[in-house]
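Asker: Give me the fold of what follows.
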Amino acid sequence: MANELRQPPPDSRPLLERRRELKALDSALAALRDRAGGAPRTPRGGLLAFTGPAGMGKTALLTEARARARAEGFTVLSGRGGENEQELAFHVVRQLVQPALAAMDEAELRSFLGGWYDIVAAALGLAAPGGHAPDPTGVRDGLDWVMTRLAVKKAPVVLLLDDLHWADVESLTWLASFAPRTADLSLLMVVAYRPEELPLAGDSFGTAELGHRPFALEPLSATAVARLVRDEVGEQAEDGFCEECWEVTGGSPFEAVELAIRLGERRLRGTNEDLAVMRDLAAAVTGPGLIERLHGFGTTTVRFAYAAAVLGQAISQELAARIAAIGSTAAAEAADRLRTARILTDGEGDGLEFVHPTIATTIYQAIGTGLREGMHNSAAEVVRAAGLGPVAAARHLLEVPCEGNPEAVACLRQAARAALHSGAPEAARRLLDRALQEPPLPEERAALLHELACATFLIKPTATVAHLREALAEGDIDPELRASMVYRLTQALAHTDRMAEAATVAADEARRAHGHPRIRLRMQADHFVWSAFRTDEQDSAGRSRRLARLADRLTGRRLEERYILGLRAWDAMMCGEPRQQALAYAEKALDGGLSWTDENRGFEVPVSVALVFMYCDQPRRAEELFAKGMAECASKGWRGSHLALGQTLSAYIRYRRGSLAEAENLVREGLGIADRVEGAVPAQWFAIGILIETLLARGRVVAARRIADRYRYGDVIPNAVIYPDPRTVYAELLLAEGRTDEAAALLSEVGEWLEGRDWRNPAWCPWQLGLAKALSRRAPDRAVQHAQDAVKRARDFGAASAIGQALHAQAEVTGGAAALELHAQAVDHLQRSPAAYELARAQVGHGAALARDGRLHDAADRLYQGLEGAVHCGAEGLAARARRELSAAGLRPLPLRYAHTDMLTAQERRAAELTVQGHPASVVAKDLRITEQGVRQQLSSVFRKLGTDAAGLADALAAGPRTGR
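Answerer: Numbers count the residues shown, from 1 in each chain. All right, here's what the predicted structure looks like:
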């Protein structure tokens, strides 16, 4: 299917002096063909751009491109920007896509768009806006998918985009981001624009950034203009006359063609005697001369032309007549006069359009201010009455003075909701700003300010804060609306690094809501959330006690209660309380559900609850919750900072399980998303820290340093709690580089901060382990003390991975014979955890210590185990160390005994099932005919593969991988 591009009235004139441009066009179209010279090859798309001032023939080139593409049998989709349509979000995108999809009913559309229907259908104008408001990133991703699918199903495809400089910002932003993809599709994008008017969003079209340089169109030469003139008046036209035609038109193809046509219509011969008439005709093509010519047609025709200019691109003769306040017969006569004068021409369907945008601009600017405003006001009413909807009407209301009209306010608010639910918050902001200026009725002002604040949240959260403070100052606000306002205010404050203010606002509102228990509980939850993420909280211990007392009174029946319970689970984990207690609160919070996409509650608590399972050695459960939450976000079109954070923290779970290569891939994807989403700074810091930790675990210290320097990670002073803690991660990098004194100073600072908050769980922040290593040479006694304290705290928490990691650190700084037992204990605990990388590290450390003690047989066994684990984890640096230790001990590395797989062997599953049934290791060993040590090794493999410890083994078995041979 092809849709039409605006084109001048058909004629047979060739495109003069455009050989270079037409050659480039033919070359680009040839690259789209399925076969070249009879040999199959992959079609290749790309981008072709033509630029120049008004009248340089850009539209004529695109019209020629359409004709040549259709002659090849290609699918042609086209759209154009409009000077008066720039406020209509996705206006150009809809022109491109709607003709290809408009014939489908809803069922066919849902089938074609699949999971993207609820995200992009409203933006494409194919469904009424409703439900959740997708973020702009999600909509752009959806548009990528739609256009890619169209390119595949209807290949080859040619996109023609005229007057790109007037495209709405939403369409232009997407087109600029999609353009690089065309090189990998059977799709050619051909664009035309005025470079001096191209907005910032389209800057990449004007540079070599997209792999091309635009073709800047030059004015026609005197020879070309002479050819146009003689084609109309005859070969007898004198050279001097033709030269003067070139002078007065400046070589503009549009003006030269229009002048030549008028010369022919007047039957001039092109002599010196015709020069005066020629100059008059030239002056009437554009500018004041055009308006003078228009006024010569009479008042009725002038009003009709004005109304057409107010309507913009797609001009309905009937609507223009109503706006101009003339009858249908008079309108038809006016339209005929304007066609004859080559001011209007027939457009798509029964509509009209201007022959050239320069004519439309000239006429629109000639309308007096008062008359123009009145016509826009009439247009808004007429458009609404015709059933074209609030969005089409609101575009005209933006041009009308403020009059305190409640109907105008209602229309603007409706249009803003449509824009917001189409993924165009900036368009919604403009409409609501205008509605606020109208102004609204006093009783509607608070609600309108709330809507405006929601629109600005993703664009400018500082503006959101101002709007909501103003809204909350209004009197007599509905309690539920007020609660939503306060939540959005705290969220905006938090996103602008004003965490303390966010916590204070929530606490004040909780006290204020004493007559509304449910709202009070909700505000208390918000207070606890923002307090927990503050870095400067003065009384963390007091808050923890208050949270614990409140949580113990709650059943979890209501969502507000479940949020409190989820916060209690997170706080218990951070404080290092027994992990069974943290897990119990987490399960209670999840019983009844925690949504990741509740617009009035955020996703901080659901994310924190999921991470509790990770820190408590049940990462499989955490992965399940993340997968479910991210799918929920994706289904609502929340693919910006939400997706970046979800992807990043999923990578962190994989890192803690020891799947380092997978973790690196995931976190790089998350960082890539965060880098391109405005305002996603917290997600960026999460991603950078996790990427650095992963690279260090893989032994890639230089790569980790490059990332740290690129993002100036060492300078990060977070105003909110970020995990992993940036200072601790940076200290790990310093330790890997041998800069122990700097690392020790940084970790001491972290420790002092955490101690002041009573956050003592080494599973969350192992600062003491790093500090022990940093101090091991110059202050060995202090190093051992820190390690011992970390072991005690890990045992209090009870997660085997935390205990094993702390014991390993203690063994490393203790040395001597005493270290051997600590190494053995570390391995034993880590074998009971899902932490594959930490186990491999402990095994290599134990093997090295055994080798130094002369116990080469035992050392070899441990080093082989550690080497195998390191290889499976993707820890190249650790594997290299294991090989060095083997070589130093006079041992040769053996081939890996087992392939890496997440599938349980039959023996592993049997060992796990018997263990879940409560049988001791001796019974399991007898059943499997192996030693008890063999049982422990089998279960260790089970824990790593299923991503759980013994406490979660029964559930993990039911949902875990299939059994292999």
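Asker: element containing Phe50, please.
Answerer: strand 46-51 (DSSP states H and E).
Asker: Flag the shaky bits of the stretch 751-900 of the chain, pLDDT-wise.
Answerer: For the stretch 751-900 of the chain, applying pLDDT under 70 flags the ranges 894-900.
Asker: need the strands for it, in chain order.
Answerer: Read by DSSP state E, counting those that start in this stretch, the stretch 751-900 of the chain holds no strands at all.
Asker: Pairing partners for the strand holding Phe50, with directions?
Answerer: As defined by DSSP bridges, the strand partners of strand 46-51 come to strand 187-193 (parallel), strand 215-216 (parallel).
Asker: Using TSV, lay out those together with mean pLDDT, mean neighbour count and distance to Ala589.
Answerer: Placement of C-beta: from N, CA and C, glycine included. Formatted as TSV, these follow (pLDDT from 0 to 100; neighbours: other C-beta atoms under 10 Å; distance: least, C-beta to C-beta, whole Å):
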stretch	mean pLDDT	mean neighbour count	distance to Ala589
strand 187-193	96	27	48
strand 215-216	94	16	61
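Asker: what about those strands, which gets the closest to Asp346?
Answerer: Of all these, it is strand 187-193 that lies closest to Asp346, at 21.6 Å by C-beta to C-beta.
Asker: Show me where the stretch 351-500 of the chain has its strands.
Answerer: 352-354.
Asker: about what we covered before: now the strand holding Phe50: mean pLDDT?
Answerer: Mean pLDDT, computed over strand 46-51, is 94.
Asker: which helices and strands sit right next to whichever helix or strand comes after that strand?
Answerer: The first helix or strand that comes after strand 46-51 along the chain, using DSSP H and E, is helix 58-71. Counting contacts by 3 or more C-beta pairs under 8 Å, 6 or more residues apart in numbering; DSSP states H and E, helix 58-71 is packed against helix 19-32, strand 46-51, strand 75-80, strand 157-162, strand 187-193.
Asker: And the ones you listed: which comes nearest Gln98?
Answerer: Nearest of these (C-beta to C-beta): strand 75-80, 9.4 Å.
Asker: Now do the helix or strand just after the closest one against strand 75-80, angle only.
Answerer: Next in sequence after strand 75-80, counting helices and strands by DSSP H and E, comes helix 91-101. Following axes from the mean of the first three to the mean of the last three C-alpha atoms, to 10 degrees, one obtains 150 degrees for the angle between helix 91-101 and strand 75-80.
Asker: now helix 91-101, how far from the centre of its chain.
Answerer: 22 Å (C-alpha atoms, centre = their mean, to the nearest Å).
Asker: would you put the C-alpha positions of that helix in PDB?
Answerer: Below are the C-alpha coordinates for helix 91-101, written out as PDB (Å, rounded to 0.1, in the frame of the first residue of the first chain):
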ATOM      1  CA  HIS A  91       1.300  13.800  13.600                       C
ATOM      2  CA  VAL A  92       4.000  12.800  11.000                       C
ATOM      3  CA  VAL A  93       4.300   9.300  12.300                       C
ATOM      4  CA  ARG A  94       0.600   8.800  11.900                       C
ATOM      5  CA  GLN A  95       0.700   9.900   8.300                       C
ATOM      6  CA  LEU A  96       3.400   7.300   7.700                       C
ATOM      7  CA  VAL A  97       1.800   4.400   9.400                       C
ATOM      8  CA  GLN A  98      -1.900   4.800   9.400                       C
ATOM      9  CA  PRO A  99      -2.500   4.100   5.700                       C
ATOM     10  CA  ALA A 100      -0.800   0.800   6.100                       C
ATOM     11  CA  LEU A 101      -2.800  -0.200   9.100                       C
END
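Asker: With distance to Ala151 added, can I get the helices and strands packed on helix 58-71 in a markdown table?
Answerer: Output for those, formatted as a markdown table (distance: least, C-beta to C-beta, whole Å):
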| stretch | distance to Ala151 |
| --- | --- |
| helix 19-32 | 10 |
| strand 46-51 | 12 |
| strand 75-80 | 9 |
| strand 157-162 | 5 |
| strand 187-193 | 4 |
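Asker: right, so of these, which gets closest to Glu752?
Answerer: strand 46-51 (55.7 Å).
Asker: what's in contact with the closest one?
Answerer: 21, 24-25, 28, 31, 58, 61-62, 179, 182-183, 188-195, 205-206, 210-212, 214-217 (C-beta atoms under 8 Å, 6 or more residues apart in numbering).
Asker: filter the residues you listed to the buried ones?
Answerer: Buried members of the contacts of strand 46-51, counted by 16 or more other C-beta atoms under 10 Å: 21, 24-25, 28, 31, 58, 61-62, 179, 182-183, 188-194, 205-206, 210, 212, 214-215, 217.
Asker: what pLDDT does Gln581 get?
Answerer: On the pLDDT scale, Gln581 gets 97.
Asker: show me the contacts for it.
Answerer: Counted by C-beta under 8 Å, 6+ apart, Gln581 has contacts Ala572.
Asker: That one: helix or strand, and which one exactly?
Answerer: Assigned by DSSP H and E, Gln581 falls in helix 579-590.
Asker: which sections of the stretch 151-300 of the chain are below the confidence cut-off?
Answerer: 208-211.
Asker: Contact partners for Ala848?
Answerer: By C-beta under 8 Å, 6+ apart, the neighbours of Ala848 are Ala859, Leu863, Glu885.
Asker: Thr456 now?
Answerer: So Thr456 contacts Pro425, Arg429, Ala463, Thr464, His467 (C-beta under 8 Å, 6+ apart).
Asker: okay, now the closest residue in space to it that isn't next to it in sequence: neighbour count?
Answerer: Excluding the flanking residues, the one nearest Thr456 by C-beta to C-beta, 6 or more residues apart in numbering is Ala463, at 4.3 Å. As a burial measure, Ala463 scores 17 neighbours (other C-beta atoms under 10 Å).
Asker: which of the contacts of Ala848 has the most neighbours?
Answerer: Neighbour-wise, the contacts of Ala848 (other C-beta under 10 Å) top out at Leu863, 28 neighbours.
Asker: I'd like the distance from that residue to Val813, if you could.
Answerer: 21 Å (C-beta to C-beta, to the nearest Å).
Asker: and if you look at Leu188?
Answerer: Counting by C-beta to C-beta, the gap from Leu188 to Val813 is 65 Å.
Asker: do Arg620 as well
Answerer: For Arg620 relative to Val813 (C-beta to C-beta), the value is 32 Å.
Asker: what does Ala121 give?
Answerer: 61 Å.
Asker: doesn't Cys402 make contact with Asn377?
Answerer: No. Taking contacts as C-beta atoms under 8 Å, Asn377 lies outside contact range of Cys402: 11.6 Å.
Asker: Among the two, which residue is more densely surrounded?
Answerer: Neighbours were counted for Asn377 and for Cys402 using other C-beta under 10 Å; Asn377 has more, 19 against 14.
Asker: residues in contact with the closest residue in space to that one that isn't next to it in sequence?
Answerer: Of all residues not flanking Asn377 in the chain, Val400 sits nearest, at 4.8 Å (C-beta to C-beta, 6+ apart). Shown in contact with Val400 (C-beta under 8 Å, 6+ apart): Glu373, His376, Asn377, Ala380, Ala408.
Asker: and the second one, how many neighbours?
Answerer: Spelled out, it's His376. 21.
Asker: quick one, what contacts it?
Answerer: Val310, His396, Leu397, Glu399, Val400.
Asker: From Thr362, how far out is it?
Answerer: 18 Å.
Asker: got the contact list for Ile291?
Answerer: Thr362, Ile363, Ala366.
Asker: before we move on, back to that, which positions in the helix holding Gln581 come out as buried?
Answerer: Applying a neighbour-count criterion of 16+ other C-beta under 10 Å, the buried positions in helix 579-590 are Arg579, Gln581, Ala582, Leu583, Tyr585, Ala586, Glu587, Lys588, Ala589, Leu590.
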